[in-house]
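Novice: my questions concern the predicted model and sequence given below.
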Protein chains: 2
Amino acid sequence: MKVNVGVSNRHVHLNDDDYKLLFGDRPLTKRNDLTQPGTFASELTVTIKGPKREIANVRVLGPNRSYTQVEVSKTDSYTLGIDPPVRNSGDLEGVSEITIVSEYGEITRNAAIIASRHIHVDRKIREERGLVGIEKVSVRIPGEKGGIIDNVYLKDSEEAYFEMHLDTDDANAHLLKQNDEVEIILN
Amino acid sequence: MKVNVGVSNRHVHLNDDDYKLLFGDRPLTKRNDLTQPGTFASELTVTIKGPKREIANVRVLGPNRSYTQVEVSKTDSYTLGIDPPVRNSGDLEGVSEITIVSEYGEITRNAAIIASRHIHVDRKIREERGLVGIEKVSVRIPGEKGGIIDNVYLKDSEEAYFEMHLDTDDANAHLLKQNDEVEIILN
């Protein structure tokens, strides 16, 4: 079964309280839609700071969530000087501390993760494609730096666009770009 | 069959003429030995420049070779604004142009590649491990971001230390560190 690739650069999700601390009454305005229905890249960016260095121009995604989460790559984590675990979104028990800085304020939260490789699905997609009851799959990647990546989780939402999200390390290591087509292997 | 991982950060090899243009009569002094017999990281660094941005503090390795070659990751290539091919060392026909800058001079060469995944072997290692006549293998990587990487070339030298070299994209995508142990799969 084929699936297209979406490449996720480092980004930040904020909860309403943290949004207010960083941006006050400024609205979370949309820059462009993302592929998952209802989600968007906002016009806002922050700087993220670890004990070693900081990374500027990190995009804030919308809409706000019930939790604040900073998704970085392993490469970013060496720059920042943190050692975040690989996690699914929202599973933030014991994750890495990171500081988020805006023009207006600064917060420090246990919020930094390396996102698990995942494929967005909903109930309809699972039924149509024979994926009901499946937690994770492997994916075959073609090309000069291809291979198979394991532990690609199926991530459910109310309404999904069927796409595999990889961070920039996974994409660059395998020479993958946005919308490249790869092959799901059911384990 | 097990093999240990060596992680190669971006680095530069120079030929004698280009070395002289960049460093004149300054000796190529050793900072530390590398794992392959006779090779070393020197005390010298350069800045590499592409059309988009530059990357400073890129290590010059020794001894000099018969060709000048700049090995970068795909991530680096986006920073630099170049699109280098995946190549084995020394196979430089049609590779990307890059500028190398030292304190003393600057050269521009068709020299930038993304190094192929490779395992260092010599005749003795090939015979002892049943690898005679094999051009490339796949390698199984354990862990949360594991999988299988294909197109890992066996690279021959007179005397080798048996080790798989990956660039920082491959290492970071798979959460691998120097000396981690992985498993060769004979195709």
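Specialist: Noted; the coordinates are in hand. Residues are numbered from 1 along each chain as shown, chains lettered A, B, ... in the order given.
Novice: residue A:183 and residue B:24, how far apart?
Specialist: Using CB to CB, to the nearest Å, we find residue A:183 at a distance of 53 Å from residue B:24. The way it works is simple: take the backbone N, C-alpha and C, and place the C-beta from them, glycine included.
Novice: close to chain B, is the host helix or strand of residue A:7?
Specialist: Using DSSP states H and E, residue A:7 sits in strand A:2-8. No. Using CB under 8 Å from any CB of the partner chain, strand A:2-8 stays clear of chain B, with a minimum separation of 11.0 Å.
Novice: whichever helix or strand comes after that strand: which residues count as buried?
Specialist: Proceeding C-terminally, strand A:2-8 gives way to strand A:11-13 as the next helix or strand, assigned by DSSP H and E. Residues A:11-13 are the ones in strand A:11-13 that count as buried (16 or more other CB atoms under 10 Å in any protein chain shown).
Novice: and what of stretch A:130-145?
Specialist: Buried residues in stretch A:130-145 (16+ other CB under 10 Å): A:131, A:134, A:137-139, A:141, A:145.
Novice: so who does the nearest residue to residue A:90 once chain neighbours are set aside touch?
Specialist: Using CB to CB, 6 or more residues apart in numbering or on different chains and skipping residues adjacent in sequence, the residue nearest residue A:90 is residue A:67, 5.7 Å away. Residue A:67 is in contact with A:13, A:15, A:90, A:92, A:111, counting by CB atoms under 8 Å, 6 or more residues apart in numbering or on different chains.
Novice: among the residues you listed, who's most crowded?
Specialist: residue A:111 (25 neighbours; other CB atoms under 10 Å in any protein chain shown).
Novice: may I ask you to confirm that that one is in contact with residue A:72?
Specialist: No. Judged on CB atoms under 8 Å, residue A:111 makes no contact with residue A:72 at a distance of 10.2 Å.
Novice: so residue A:84, which state does it fall into?
Specialist: Under DSSP: H, G, I helix; E, B strand; the rest coil, the three-state class of residue A:84 is coil.
Novice: now the phi/psi pair for it, please.
Specialist: phi -70, psi 150 (degrees, to the nearest 10).
Novice: tell me which residues touch residue A:180, please.
Specialist: If you count contacts by CB under 8 Å, 6+ apart, then residue A:180 has A:4-5 around it.
Novice: phi and psi next, for it.
Specialist: Dihedral angles (degrees, to the nearest 10) for residue A:180: phi -60, psi 150.
Novice: from residue A:139, how far out is it?
Specialist: For residue A:180, the distance to residue A:139 - CB to CB - is 11 Å.
Novice: all helices for chain A, in order.
Specialist: Using DSSP state H, the helices found in chain A span residues A:16-23, A:74-80, A:123-128, A:168-173.
Novice: out of those helices, indicate the one that is most buried.
Specialist: Highest mean neighbour count among the helices of chain A (mean count of other CB atoms under 10 Å in any protein chain shown): helix A:168-173, with a mean of 27.
Novice: now residue A:131: how far from chain B?
Specialist: Distance of residue A:131 to chain B, computed by CB to the nearest CB, to the nearest Å: 20 Å.
Novice: follow-up on the earlier one: could I have the CA atoms of the strand holding residue A:7 written out in PDB?
Specialist: Only the C-alpha atoms of strand A:2-8 are listed here, as PDB (Å, rounded to 0.1, in the frame of the first residue of the first chain):
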ATOM      1  CA  LYS A   2       1.400   3.400  -1.000                       C
ATOM      2  CA  VAL A   3       1.500   6.500   1.200                       C
ATOM      3  CA  ASN A   4       2.900   9.900   0.600                       C
ATOM      4  CA  VAL A   5       5.500  11.600   2.700                       C
ATOM      5  CA  GLY A   6       5.100  14.800   4.700                       C
ATOM      6  CA  VAL A   7       8.300  16.300   6.200                       C
ATOM      7  CA  SER A   8       7.900  18.000   9.500                       C
END
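Novice: that one - contacts with which helices or strands?
Specialist: Where contact means 3 or more CB pairs under 8 Å, 6 or more residues apart in numbering or on different chains; DSSP states H and E, strand A:2-8 is packed against strand A:163-167, helix A:168-173, strand A:181-185.
Novice: could you dump those into a markdown table with mean pLDDT and distance to residue A:101 added?
Specialist: Shown next, in a markdown table, are the helices and strands packed on strand A:2-8 (pLDDT from 0 to 100; distance: least, CB to CB, whole Å):
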| stretch | mean pLDDT | distance to residue A:101 |
| --- | --- | --- |
| strand A:163-167 | 98 | 22 |
| helix A:168-173 | 98 | 21 |
| strand A:181-185 | 98 | 36 |
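Novice: within its sheet, name the partner strands of the strand holding residue A:7 and how each one runs.
Specialist: Using DSSP bridges, the strands paired with strand A:2-8 are strand A:163-167 (parallel), strand A:181-185 (antiparallel).
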